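[1] Structure for the following, please:
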Amino acid sequence: MSGRLARAYGPLVQGRTWAITLHLLLNLVFCIVWFTVMVTLFSLSIGLMVTLIGLPLLVGLVNVGRAVGAVERGRARATFGVSLPPFPRRPMDGTIFHRARLAIGDGAGWRGFAYAFVALPWGILTFTLAVVTWSVSLTAAAFPIAAFFIPDGADGGPYRFGDHYVLLGWGRFGVGFGTCVIGLALLIAAPRVIHGIGRADLWLVRSMLSPDPNRLLVDRVEQLTVSRDASVEGAGLELRRIERDLHDGAQQRLVGLAMNLGIARERLAAGGDPDRATDLVISAHEESKLAISELRDLVRGIHPSVLTDRGLDAALSALAARSPVPIEIDVDLSRRPPASIEAAAYFVVAESLTNIAKHSRAGRGSVRVGERGDLLVIEIYDDGVGGAVERAGGGLSGLRDRITAVEGRLRISSPSGGPTLLAVELPCGS
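    Sure, this is the predicted structure:
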């Protein structure tokens, strides 16, 4: 019997039941705020659209719509323990008018705007249902106790029915007992009703203010496909670069070295001029040093040991020291990024400094590396002539492939006449 009572009345004393109740009661407050703010912003923005003030107000409306989604998802997480993913943000590049156009076209913001209108009747309904559910069930269950403390008076108190009929004796007992039984039954049903309304509220937030999980999965697969393709393309370009550098550099020098040593050996064996043979050996020695230097540069280009041993700051400082253009390095990191991200950051900076030295005609440049949340942010600046354009197979295209391979982002600002700024964001985990 006690087990049945525990199962029947267990939800009544659960903290989650009362958390959902509070959530449903607060719906009225939040829905009034959302509706008021949205109607005000929308009216002002449309009314002032003939002026320049209407456009920023409309952008603000969409951003407030996103904020509505964030707050409601946070409430759902706090009440129901369900983490709803947010809509991804679009990259805001370009001029201020282009960014405003992208912001106004943000579907997530307009979903928050629509939710504000749906939430008003829904908030009134959930508030009313929660109040009625608990007030009726608790009042009915506590009726005999309340009636005991209410004096009859001249009108018969709580047992008066109609204009002239007042219950007495067993009639009072029967009404009090029956009302209490109904109230206890309602107290069994009330938590379940509250949970049902809560599930409906969660469904509304999930359907309007959170992306479809299947759509997120499809987007993630597409993103990984693009990342894989970029990684494969980047690996192919890197292999071709290594092959070209070996063929055109160290291999040619080693061939020349072998020929000079072979000629010197033949002349010495034939009793030829020893001074000429010595010159050939000296030339071969110089070629061997150049070949070693080129092989060292090639190995450094594959993965520099200083990056592994001492981290990004030291590796980028070494790059700047070898650059013919004065480069200022500023690295501010609280922790070392993952090895793959660190390598990608190094090669992005290395390729960028090479482009600055070859094409920019810059007098100086700078590299800033820092953190923003879970992102490694790199800004590469030069005061050159600008006009950098991303072309298929070009250096900037290779940079984008390498960045995309680790699911990063690249933004390029290089107006004709300069300056040039490359902004790179690489995910480095939590």
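[2] Next, the contact list for residue 73, please.
    83-84, 86, 205, 209-210 (CB atoms under 8 Å, 6 or more residues apart in numbering). Placement of C-beta: from N, CA and C, glycine included.
[3] Among the residues you listed, which one lies nearest to residue 380?
    Distances from residue 380 to the contacts of residue 73, taken as CB to CB, are shortest for residue 86 (30.0 Å).
[4] Neighbour-wise, which one of the contacts of residue 73 leads?
    The residue in these with the most neighbours, by other CB atoms under 10 Å, is residue 209 (24 neighbours).
[5] Could you look up the SS state of the residue nearest to that residue when sequence neighbours are not counted?
    Take residue 209 and drop its neighbours on the chain: the residue closest to it by CB to CB, 6 or more residues apart in numbering is residue 69, 4.0 Å away. What DSSP: H, G, I helix; E, B strand; the rest coil gives for residue 69 is helix.
[6] hmm, back to that, which of the contacts of residue 73 fall in helices?
    205, 209 (DSSP state H).
[7] Could you dump the contacts of residue 73 into JSON lines and include distance to residue 311 and pLDDT?
    Output for those, formatted as JSON lines (distance: CB to CB, whole Å; pLDDT from 0 to 100):
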{"residue": "83", "distance to residue 311": "34", "pLDDT": "86"}
{"residue": "84", "distance to residue 311": "38", "pLDDT": "85"}
{"residue": "86", "distance to residue 311": "33", "pLDDT": "82"}
{"residue": "205", "distance to residue 311": "44", "pLDDT": "91"}
{"residue": "209", "distance to residue 311": "41", "pLDDT": "87"}
{"residue": "210", "distance to residue 311": "39", "pLDDT": "84"}
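[8] Now for the contacts of residue 73: which two are most distant?
    The widest separation within the contacts of residue 73 (CB to CB) is 12.9 Å, between 83 and 209.
[9] for the chain, what helix or strand is lowest in average pLDDT?
    strand 165-166 (a mean of 52; mean pLDDT, DSSP states H and E).
[10] that older thread, nearest to residue 344, out of the contacts of residue 73: which one, please.
    residue 86 (26.0 Å).
[11] where's that closest one relative to residue 114, distance?
    The spacing between residue 86 and residue 114, counted by CB to CB, to the nearest Å, is 16 Å.
[12] need the contact list for the closest residue to residue 364 other than its chain neighbours.
    Setting aside the residues directly before and after it, residue 364 is nearest to residue 326 in space (CB to CB, 6+ apart), at 4.8 Å. Going by CB under 8 Å, 6+ apart, residue 326 touches 363-365.
[13] Same question for residue 63.
    By CB under 8 Å, 6+ apart, the neighbours of residue 63 are 103, 109.
[14] Could you do residue 360 as well?
    325, 382, 384-386, 388, 418, 420.
[15] give the contact list for residue 347.
    residue 402.
[16] Just the element for it, please.
    helix 339-355 (DSSP states H and E).
[17] Check which residues of that helix are buried.
    341-353, 355 (16 or more other CB atoms under 10 Å).
[18] Residue 199: which of these is nearest?
    residue 341 (41.0 Å).
[19] ok, residue 34 touching residue 114?
    No - contact between residue 34 and residue 114 fails when scored by CB atoms under 8 Å: they sit 10.7 Å apart.
[20] Can you check which residues contact both of these two?
    Joint contacts of residue 34 and residue 114 (CB under 8 Å, 6+ apart) do not exist.
[21] These two: who's more crowded?
    residue 34 (25 against 15).
[22] part of a helix, is the more buried one?
    Yes - membership of residue 34 in a helix is supported by three-state DSSP.
[23] do you know how far it is from residue 197?
    From residue 34 to residue 197 the distance is 19 Å (CB to CB).
[24] With residue 121 instead?
    14 Å.
[25] neighbour-wise, which of those two wins?
    residue 197 (20 against 11).
[26] check contacts around that one.
    20, 24, 126, 129-130.
[27] can you put those residues in a markdown table and add secondary structure, pLDDT and distance to residue 258?
    Formatted as a markdown table, these follow (DSSP: H, G, I helix; E, B strand; the rest coil; pLDDT from 0 to 100; distance: CB to CB, whole Å):
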| residue | secondary structure | pLDDT | distance to residue 258 |
| --- | --- | --- | --- |
| 20 | helix | 90 | 83 |
| 24 | helix | 92 | 85 |
| 126 | helix | 93 | 86 |
| 129 | helix | 92 | 91 |
| 130 | helix | 91 | 90 |
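[28] what's the farthest-apart pair in those residues?
    20 and 129 (11.7 Å).
[29] neighbour count winner among those two?
    Neighbours were counted for residue 20 and for residue 129 using other CB under 10 Å; residue 20 has more, 24 against 16.
[30] What residues sit buried inside stretch 403-413?
    Those buried within stretch 403-413 under the rule 16+ other CB under 10 Å are 403-406, 408-410, 412.
[31] So which residues of this protein form helices?
    So, for the chain - with DSSP H - the helices run 2-9, 15-47, 54-80, 96-104, 107-141, 143-149, 170-209, 213-245, 251-269, 274-302, 305-310, 312-322, 339-355, 395-405.
[32] If you average pLDDT over each of these, which is lowest?
    In terms of mean pLDDT, the lowest-scoring of the helices of the chain is helix 143-149 (a mean of 57).
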